[in-house]
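>>> just to be clear, the model below is a prediction. Sequence and coordinates:
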Amino acid sequence: MASITLDHLAHAYRPDPQGPQDYALKEINHVWRQGGAYALLGPSGCGKTTLLNIISGLVTPTQGRILFDGRDVTNLPTEARNIAQVFQFPVVYDTMTVRENLAFPLKNRHLPRETIAKRVEEIAARLDMSAALDRKASNLTADAKQKISLGRGLVRADVAAILFDEPLTVIDPHLKWQLRSTLKELHRALDLTMIYVTHDQTEALTFADTVVVMHDGAVVQTGSPEELFERPAHTFVGHFIGSPGMNVLPARVEGTTAHIGDVAVPLARAYPALPAGAKIELGVRPEFATLARAGTGLPVSVKRIDDIGRARIARIEIAGHPAAAMVPEGLSLDGDRAGLNLETRQIHIYAGGVLVPGEGGVG
Amino acid sequence: MTLELQNVRREVHGAVHIDDVSLKLERGSLNVLLGATLAGKTTLMRLMAGLDAPTSGRVIANGQDVTGLSVKKRSVAMVYQQFINYPALTVYENIASPLRVQGLPKAEIESRVTSAARLLKLEPYLQRTPLALSGGQQQRTAIARALVKRADLVLLDEPLANLDYKLREELREELPRIFASTGAVFVYATTEPTEALLLGGSTATLMQGAVTQFGPTAEVYRRPADLATARVFSDPPLNTLRVTKAGGTVRLANGATVAAIGAFAGVPDGSYTVGVRAHHLAVEDRTYGEPRDGGLIRLAASIAVTEVTGSESFLHMDVVGEAGGRERLTALVPGVRRLEPEAAVEVVIDPRHILLFDASGRSTGTALDAAA
Amino acid sequence: MDKPVNNRAWWLVAPVFAIVAFSAIIPIMTVVNYSVQDTFGNNQFFWNGLGWFQELLDPSTELGGRFFAALWRNLLFSAIILAIEVPLGILVALSMPREGWRVAATLVTMALPLLIPWNVVGTIWQVFARADIGLLGYGLNALGINYNYTGDVFSAWVTIVVMDVWHWTSLVALLCYAGLKSIPDAYYQAARIDGASRWAVFTTIQLPKMKRVLLIAVLLRFMDSFMIYTEPFVLTGGGPGNATTFLSIDLVKLALGQFDLGKAAAMSLVYNLIVLALCWVFYTVMTHAGSERPDQGSAA
């Protein structure tokens, strides 16, 4: 059990980094508390895997320290760090049974045989795998193998943190749900620090209490799923989280009104301190934008309507800029003209991609 | 062209991989094969391509029997889950490679490659090699190479599975438009129900080597012909309950009864399976003890896990099932609802928004409204 | 995966049938013909039935005695070189570099002995090991070790074994190296996290993942060593005495030296059958080892 402190951590794969562009991971300072569920979310090449490898000890950072419960482990090898890891592709020891697989980390640490047997039974029961204990691990399905990899971490009483590197990549959708629930239940029951790396926003948001969104080697926002959804600190977060992502439209702000082309959008707050010369954008999530009959709300043109089963999403244009909005039940449109209603309090203004807190108003 | 499979069956060493599949794919159509891993999607595609021959049954292309005809003699292009390109060739040469094999004149190659590159937004990268590109661009290159051949049949085997979530979203949005611009038959295999819905076209649901249903995608989603189809085409997984109808009432597994309204109204007495998609389950934060009738099914449940995405919440709950056992239900509810594990809640099911299947798993004809 | 059925394909195989008929079937039938006859030269043949075979398989006869002696020599030789080359090959493969320019350099160096023609290998070692002018032979004797492969049985065997190990260990090593390269990094990382010792990593990850290539290596080396001819023939000519007379060498002595065509034909047929039987055993073991497939049932 441990809290994890990232202290001025940065990493460059080049031996002589000249500027920020050479860093795969730009300086990061964070404290992850004991027992928390964290997700590192970002596209390929955003630095999340580098960070994970630094935590697991596969990579030694160029600068900064990493502390487990205040103890500096920066230069300790993986095996001395009390961490467990579940990889993208299931790793099981092919020649062994499930039981032997689960016992392996304990056997390597020379624990008494009875302790090992007891611990293995316990963890197998938690993973719902008791019935499969004596089967060859190599003959199991991908999701069962992932559970074994996880189980090899869980059997150890000394594990400080469990790291997950896109663990659901090779799992079928309907089994993903089960495995995700299992993870959540285990996290609650065992009070372990868990760190989950993924590019899939749904996995990150549903798994974690705190999501760390990364982009270009830097952390762009850290927050709860609600915070990331309702107040994205950066247009990248708005775009990356949510499906479809946030609508980001170039705008001009005057008082409590934003102008998108010739369309005027009322705002809940004023933005007197907008930096001059920065690109000003208005951000609003499709979930807070509802299509209506033409003549009500803002004038938009409808390009296409996607039916995703439980909802309909309209692809629209506001003053020539593409956006997405929800189509309420029972709305019928004639032609491609429609109106758009925005939830005023959920409109955000960004300068140079960064959220600008407004003044006055509500919230 | 049109492609027709007639009672196609494939066995390997006595194991049935494809079980009596009949499908008719129209010219210019997009057809999704939806099913879990090992359901037979890839095997079916190999049969369509002519990479394998069926054990029995016939494959008809454009009215001609092509069963057993080698893939080389057919007009087929394929895109795989892995990004398969020639690493030493530029993107331009990669896209041009099937045309060079055909020996087309230079000008023709040039114009075809350029238009395919434009369609797939690859124009800025034509002179780079694939390994210098992102995964999304590599797969775009592979798709462009498949399209440039102007093959009659284009098979895509989970082409987006290895891409990042956002890239997947982007490409998925473009694909129907790209497909529409050619006259080929497209077949697209995926494990994800949401992907099938977004692509549209027609969907064939596969389970254990058999096609359980084939029809327009939205139609298969809303009116699954049987329980197997409904299960394959639900994400999160379909919630199911066993009930018995007798007279004007419906008896639930926990012994409670409700009035037979909605989907229960017109069906004969007997035992049924109720299928409810996650977004049709309502969850109330407290229990009311005695069920109040009115036809709504109310079940006492205990929260197992809550997952919050920021805009929505998935509630995983346990209810009392048959013979006193526990059954897991999953609800997708709007907004943020953090309910503690073990919290007692009540699940409400409206029989007007359910799928109902008889004892043999056949649909009783229930359908879900569009976007309801 | 089986392919679409196309009967025209048989025509394409026809030339191979013709070649096989001329190169294998007809010669073998000739040998079968010889094996049931006796000859006293002058192209005169007498029917002998299964006589040669009975004699061959009876160790108390002269023919049977030399046959079994040669067969045991063969088996002993194969056992020794397998016991040395397989572990040594694995050890070499494990210590080969995994990336960088040294990979190419190592691979080329390792491949060198494999590129040398067999009789040249024999000649190299014949000279190398000579007690009067060979570096090895002279050196050993200078150190006070009594070494003479032409006169001493033990010296002869050691020389042949060392020569074979020098010649063929790199094949085993290269095959094992290919097997090792295919193991994803995640396995090593997982093992480190699980606290596995170097030995445990070897037995639980590397050895199981190398199993298939190892089987191929063992099969190749066994068959090859069981049919060894050129190198010992060049090096020792089967001596001293009959100490290194393997079956193949004995066959040549019998057929071309003594012109006992009937005996030699019977011996070569039995030799052939043994090789085929052993091939079949290996093939069965290998296909069995490769047939482990994941079942579809989930344990969850």
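Alright, I've got the coordinates.

>>> OK, contacts around whichever residue of chain B sits closest to chain A?
For chain B and chain A, the shortest gap (C-beta to the nearest C-beta) falls at B:Gly310, measuring 2.7 Å. In short, each C-beta sits where N, CA and C put it, glycine included. B:Gly310 makes contact with A:Leu205, A:Pro225, A:Glu226, A:Leu228, A:Phe229, A:Glu230, A:Ile241, A:Gly242, B:Val336, according to C-beta atoms under 8 Å, 6 or more residues apart in numbering or on different chains.

>>> also B:Lys41?
By C-beta under 8 Å, 6+ apart, the contact list for B:Lys41 reads B:Leu33, B:Gly35, B:Asp157, B:Glu158, B:Ala189, B:Leu206.

>>> can I get those in TSV with distance to chain A?
Compiled in TSV, these are given as follows (distance: C-beta to the nearest C-beta, whole Å):
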residue	distance to chain A
B:Leu33	14
B:Gly35	9
B:Asp157	15
B:Glu158	11
B:Ala189	13
B:Leu206	12
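
>>> return the subset of the residues you listed lying in strands.
Judged by DSSP state E, those include B:Leu33, B:Asp157, B:Ala189, B:Leu206 as members of strands.

>>> mark which of these are buried, thanks.
B:Leu33, B:Asp157, B:Ala189, B:Leu206 (16 or more other C-beta atoms under 10 Å in any protein chain shown).

>>> need the max-distance pair from the residues you listed.
Distance extremes for these: the farthest pair is B:Asp157 and B:Leu206 at 12.9 Å, using C-beta to C-beta.

>>> ok, the residue in the stretch 51-200 of chain C that chain B sits nearest to - contacts?
Per C-beta to the nearest C-beta, C:Pro184 is where the stretch 51-200 of chain C lies closest to chain B, at 15.1 Å. Applying C-beta under 8 Å, 6+ apart to C:Pro184 gives the contacts A:Phe89, A:Val91.

>>> just give the nearest non-adjacent residue to the most centrally placed residue in chain C, would you?
Taking C-alpha atoms, centre = their mean as the criterion, C:Asp224 is the residue nearest the geometric centre of chain C, at 2.1 Å. Residue nearest to C:Asp224 in three dimensions, not counting chain neighbours: C:Trp168, with 7.3 Å by C-beta to C-beta, 6 or more residues apart in numbering or on different chains.

>>> and the pLDDT for that neighbour?
C:Trp168 carries a pLDDT value of 91.

>>> likewise for the one 3 residues further on?
C:Leu171 carries a pLDDT score of 93 in this model.

>>> torsion angles phi and psi at it?
With angles defined as degrees, to the nearest 10, C:Leu171 sits at phi -60, psi -50.

>>> if we can go back for a sec, tabulate the ones in strands among the contacts of B:Lys41 (TSV), appending distance to chain C and pLDDT.
Listed next are the ones in strands among the contacts of B:Lys41 as TSV, based on distance: C-beta to the nearest C-beta, whole Å; pLDDT from 0 to 100:
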residue	distance to chain C	pLDDT
B:Leu33	18	96
B:Asp157	15	94
B:Ala189	17	95
B:Leu206	14	95
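
>>> make TSV from those residues and add distance to A:Asp336 to it.
Formatted as TSV, those follow (distance: C-beta to C-beta, whole Å):
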residue	distance to A:Asp336
B:Leu33	33
B:Asp157	36
B:Ala189	34
B:Leu206	37
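
>>> confirm that B:Arg251 sits in a strand.
Yes - secondary structure of B:Arg251 (DSSP: H, G, I helix; E, B strand; the rest coil): part of a strand.

>>> quick one: contacts for it?
Per C-beta under 8 Å, 6+ apart, neighbours of B:Arg251: B:Val243, B:Thr244, B:Lys245, B:Thr257.

>>> most neighbours of all those residues, which one?
B:Val243 (21 neighbours; other C-beta atoms under 10 Å in any protein chain shown).

>>> ok so, going back, element containing the residue nearest to C:Asp224?
Assigned by DSSP states H and E, C:Trp168 falls within helix C:153-181.

>>> in the longest helix along chain C, what's buried?
In chain C, assigned by DSSP state H, the helix with the most residues is helix C:62-95. Judged by neighbour count (16+ other C-beta under 10 Å), helix C:62-95 contains these buried residues: C:63-64, C:66-67, C:70-71, C:73-74, C:77-78, C:80-82, C:84-86, C:89-90, C:92-93.

>>> next one: whatever helix or strand comes next after that helix to chain centre, how far?
As assigned by DSSP H and E, the chain's next helix or strand after helix C:62-95 is helix C:101-115. Centroid separation for helix C:101-115 versus its chain: 22 Å, with C-alpha atoms, centre = their mean, to the nearest Å.

>>> and helix C:101-115, C-alpha only, in CSV?
Extracted in CSV, the C-alpha atoms of helix C:101-115 (Å, rounded to 0.1, in the frame of the first residue of the first chain):
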residue,chain,number,x,y,z
TRP,C,101,25.2,-4.0,-34.7
ARG,C,102,26.5,-6.9,-32.7
VAL,C,103,23.5,-9.0,-33.7
ALA,C,104,24.6,-9.0,-37.4
ALA,C,105,28.2,-9.7,-36.5
THR,C,106,27.3,-12.6,-34.2
LEU,C,107,24.9,-14.1,-36.7
VAL,C,108,27.5,-14.1,-39.5
THR,C,109,30.2,-15.5,-37.3
MET,C,110,27.9,-18.3,-36.1
ALA,C,111,26.8,-19.2,-39.6
LEU,C,112,30.5,-19.6,-40.8
PRO,C,113,31.0,-23.3,-39.8
LEU,C,114,27.6,-24.2,-41.4
LEU,C,115,28.8,-22.9,-44.8
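
>>> that one - contacts with which helices or strands?
Where contact means 3 or more C-beta pairs under 8 Å, 6 or more residues apart in numbering or on different chains; DSSP states H and E, helix C:101-115 is packed against helix C:153-181.

>>> so how far is the helix it packs on from its chain's centroid?
11 Å.

>>> repeat for stretch C:177-192
Relative to its parent chain, stretch C:177-192 has a centroid offset of 29 Å by C-alpha atoms, centre = their mean.

>>> now for chain A: which strand has the highest residue count?
Max-length strand for chain A by DSSP E is strand A:298-307.

>>> so what's C:Arg98 closest to, chain neighbours aside?
C:Lys181 is the one closest to C:Arg98 (C-beta to C-beta, 6+ apart), at 7.4 Å.

>>> what about that neighbour, neighbour count?
C:Lys181: 12 surrounding residues under other C-beta under 10 Å.

>>> go ahead and confirm it touches C:Met96.
No - C:Lys181 sits out of contact with C:Met96 when judged by C-beta atoms under 8 Å, with a separation of 9.4 Å.

>>> list the contacts of the residue in chain A that chain B sits nearest to.
Nearest residue of chain A to chain B, counting by C-beta to the nearest C-beta: A:Phe229, 2.7 Å away. With C-beta under 8 Å, 6+ apart as the criterion, the residues that contact A:Phe229 are A:Leu205, A:Ile241, A:Gly242, A:Arg285, B:Thr309, B:Gly310, B:Ser311.

>>> please repeat the previous calculation with a cut-off of 7 Å.
A:Ile241, A:Gly242, B:Gly310, B:Ser311 (C-beta atoms under 7 Å, 6 or more residues apart in numbering or on different chains).

>>> about what we covered before: how near is the residue nearest to C:Asp224 to C:Ala111?
C:Trp168 is 12 Å from C:Ala111, where distance means C-beta to C-beta, to the nearest Å.

>>> looking at those two, which is more packed in?
Taking other C-beta under 10 Å, C:Trp168 and C:Ala111 do not tie; C:Trp168 has more neighbours (21 against 12).

>>> quick one, strands of chain C?
So, for chain C - with DSSP E - the strands run C:37-39, C:45-47.

>>> and chain B, what are its domains?
If you go by automatic domain parsing, the domain ranges for chain B are B:3-226, B:239-358.

>>> out of the ones you listed, which is closest to A:Ser3?
domain B:239-358 (22.9 Å).

>>> rounded mean pLDDT for the closest one, please.
On average, domain B:239-358 scores 86.

>>> that'll do, ta.
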